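1. Sequence first, predicted model second:
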Amino acid sequence: MKIISINAGSSSLKFTLFELPEKVTIASGTFEKIGLDDSFYTIKFNGEKSKKEVSVPNHTEAVNILMKELIDMHIVSSLDEIEGVGHRIVHGGSEFTDSVVLNDDVIKKIATYNEYAPLHNPANLLGVEAFRKALPNAIQVGVFDTSFHQTMTKEHYLYPVPYEWYEKYGVRRYGFHGTSHKYVYNEIKNHLGKEKLKAITCHIGNGGSVSAIDNGKVIETSMGFTPLAGLMMGTRCGDIDASILEFICNKKNITIGEATNELNKKSGLLGVSGISSDSRDIEDAIAKGDERAKLAQDIYADKVANYIAMYNNMLDGADVIVFTAGLGENSKDMRQAIISRIHSLGVTLDVQANDMRGEFKCISGKDSKIPVYVVPTNEELMIALDTFNLKNK
Ligand code: AMP
């Protein structure tokens, strides 16, 4: 069965077409700069990548172009072959604890969470509308970044702020990257062949979050009310003293919105190093002796290490630690920097095993009290699998 996995952003639309249950990727691609003058799209199929620069005024048009290309490139012989569309939806609040079939009522409910994720949810729903029109016979499924984390108890999701902030306005920890945490948890659980597993999963890419997972249930995750919380990231600050916001607004005579934008887009690795949000640039600068780049890497590693230690305590001892996403899969330097900071947990590194990129592999030393694995994530496949499972229900 062919299932397409969709991630619609405000000016982009990414797709991957799978054959399931075989988990074969048939084609993938991206529409970029939708609504802008220089829009273009790329499609990967049969080992070749094609790029076309054409006007893509909106998401509906992007989907229409995609449908035509799928036929013209002989990727499918009829659009009816695509039996399901899985949509990444960033915020499903506390209501959507699992992936769900999208109908008018469900879409209306999702839209009530738009104010929690104003940059993402409305764009995700534009993708849903476009595909409902283009593939009316296919099942449409919403897969939320927040759902996997909805097993957290109040003790772990409540902030110590006035209770009415939670009751009246929904201020609480929701968590994000849930699709990735769920995917790598399932992968490592299958690999280790354990019925019950306590894992600490570290999704560290441009955005980053750590989760404590006990027997498939998230106990706590580091992102919070928004993805700004928790770890230091590429451009986000992670956890900081909330009073800094008012102080800096007064000092710089800027609005809360402007200051929040700096915390989201100008902080993290970029803010501290003054060089880049990309750890490849940071590592190059460190090699040339740049002290602020080294400081940025040190702070980053320190935050991840401390979350691992905290979550190891919450789990009363983890069975495994997993690294995934851009840095977790590719940066041996960052993995080493993190592992060197969790010595107190008895974790050691196999330096040789760690010298690789993108492989599913154990990288901890034989004497390590907790094994450490790199597990490549695949959010697109997770979205497609949830869609496939709901189609077969
Ligand atoms: P993601 O958001 O998961 O796509 O991760 C993107 C980030 O991964 C980039 O911004 C880099 O910081 C990091 N990254 C990707 N490849 C490498 C690499 N070879 N070495 C170090 N960092 C990398």
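-> Yep, that arrived.
2. and the residue lying closest to residue 178 once chain neighbours are set aside, how far is that from residue 271?
-> Sequence neighbours aside, residue 148 is the residue nearest to residue 178 in space, at 3.3 Å (criterion: Cβ to Cβ, 6 or more residues apart in numbering). Yep, even glycine has a C-beta here, placed from its N, CA and C like the rest. Computed as Cβ to Cβ, to the nearest Å, the residue 148 to residue 271 distance reads 29 Å.
3. the more surrounded of these two?
-> Set side by side, residue 148 and residue 271 show more neighbours around residue 148, with 28 against 19, by other Cβ atoms under 10 Å.
4. show me what contacts that one?
-> Going by Cβ atoms under 8 Å, 6 or more residues apart in numbering, residue 148 touches 175, 178, 179, 181, 182, 218.
5. Show the contacting residues for the second one.
-> In other words, residue 178. Taking Cβ under 8 Å, 6+ apart, we find residue 178 in contact with 144, 145, 146, 147, 148, 149, 218, 221.
6. The fifth one falls within a helix, correct?
-> Yes - for residue 148, which was evaluated using DSSP: H, G, I helix; E, B strand; the rest coil, the result is membership in a helix.
7. Shouldn't residue 341 be within a strand?
-> No - looking at residue 341 with three-state DSSP, it is coil, so not inside a strand.
8. And the residue nearest to it when sequence neighbours are not counted, how close does it get to residue 372?
-> Spatial nearest neighbour of residue 341, excluding adjacent residues (Cβ to Cβ, 6+ apart): residue 305 at 3.5 Å. For residue 305, the distance to residue 372 equals 12 Å [Cβ to Cβ].
9. if you count what's nearby, which of the two comes out ahead?
-> A direct count of neighbours by other Cβ under 10 Å for residue 305 and residue 372 places residue 372 higher, at 27 against 22.
10. For the closest residue to that one other than its chain neighbours, give me phi and psi.
-> When the adjacent residues along the chain are set aside, residue 372 lies closest to residue 364, with 3.9 Å between them (Cβ to Cβ, 6+ apart). Main-chain dihedrals, residue 364, degrees, to the nearest 10: phi -90, psi 160.
11. Tell me which residue is most central in this protein.
-> For the chain, the residue nearest the mean C-alpha position is residue 177 (3.5 Å; Cα atoms, centre = their mean).
12. give the contact list for that one.
-> By Cβ under 8 Å, 6+ apart, the contact list for residue 177 reads 145, 203, 207, 209, 211, 221, 223, 325.
13. element containing residue 30, please.
-> Using DSSP states H and E, residue 30 sits in strand 24-32.
14. Also residue 188?
-> Element membership for residue 188 (DSSP H and E) is helix 178-192.
15. quick one: contacts of whichever helix or strand comes after that helix?
-> Next along the chain after helix 178-192, taking DSSP H and E as the criterion, comes strand 198-204. Residues from elsewhere that reach strand 198-204 (Cβ under 8 Å, 6+ apart): 177, 180-181, 184-185, 188-189, 208-215, 231, 304, 307-308, 311-312, 315-328, 334, 338, 377.
16. Take these and keep only those in helices.
-> Residues of these located in helices (DSSP state H): 180-181, 184-185, 188-189, 304, 307-308, 311-312, 325-328, 334, 338.
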